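Asker: Fold the following, please.
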Amino acid sequence: MAETEFSAADFGAPEFGVVEFRASDVRIQRWARSLTRAGQVIVKDGRIALLTSNGREIASAPVTTVSAGKPWFLASDSAVTRINGVRYRLTMGQRNRRPGGAAPVRRFLEALRGAAGRRT
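Answerer: Purely as a prediction, here's the structure:
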């Protein structure tokens, strides 16, 4: 696991490029083990990064090497992604559970597809 530190300015400042997708308050699990309950998922410049709440990198990779999907057996606010051969479960919208929790997951999957399409 990389120990790279990112600041919020690295992913939000205009000079660094446009962020295709950003979600905070994401529960990130390495399947059965919870890594963080308030993490961040960022898709930017053809890369995906999973970060802890304080900006420490959990995993990152080019989107062309990442697989992601929405299995039928997960809740509507969850997705599964495989980064560098490790499977992660991402649950978005942990703090403010509201109807329509699938919207962030759908935007996440669309952002991955879009970023992968532009890079190939």
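Asker: helices and strands of this protein: which one bottoms out on pLDDT?
Answerer: Ranking every helix and strand in the chain by mean pLDDT, DSSP states H and E puts helix 8-12 at the bottom, with a mean of 46.
Asker: what are the bridge partners for the residue positioned nearest the centre of the chain, then?
Answerer: In the chain, the residue lying closest to the centroid (CA atoms, centre = their mean) is residue 41, at 3.0 Å. Here residue 41 sits in beta bridges with residue 23, residue 50, going by DSSP bridges.
Asker: need the contact list for it.
Answerer: By CB atoms under 8 Å, 6 or more residues apart in numbering, the residues touching residue 41 are 21, 22, 23, 26, 28, 48, 49, 50, 51, 90, 92, 108. Heads up, the C-betas are built off the backbone N, CA and C, glycines and all.
Asker: now residue 47
Answerer: 60, 61, 62, 63.
Asker: What's the local residue count around residue 117?
Answerer: 10 (other CB atoms under 10 Å).
Asker: can you pull the pLDDT of it?
Answerer: pLDDT, residue 117: 75.
Asker: Same question for residue 100.
Answerer: Value listed for residue 100 in the pLDDT field: 53.
Asker: Kindly report the same for the one 5 residues further on.
Answerer: The per-residue pLDDT reported for residue 105 equals 90.
Asker: how near is it to residue 55?
Answerer: 23 Å (CB to CB, to the nearest Å).
Asker: Who has more neighbours out of these two?
Answerer: Taking neighbours as other CB under 10 Å, residue 105 and residue 55 compare with residue 105 leading, 23 against 16.
Asker: contacting residues around the residue lying closest to that one once chain neighbours are set aside?
Answerer: Leaving aside its chain neighbours, residue 105 sits nearest to residue 79 (4.8 Å; criterion: CB to CB, 6 or more residues apart in numbering). Contacts for residue 79 (CB under 8 Å, 6+ apart) come out as 68, 69, 70, 89, 90, 92, 105, 108, 109.
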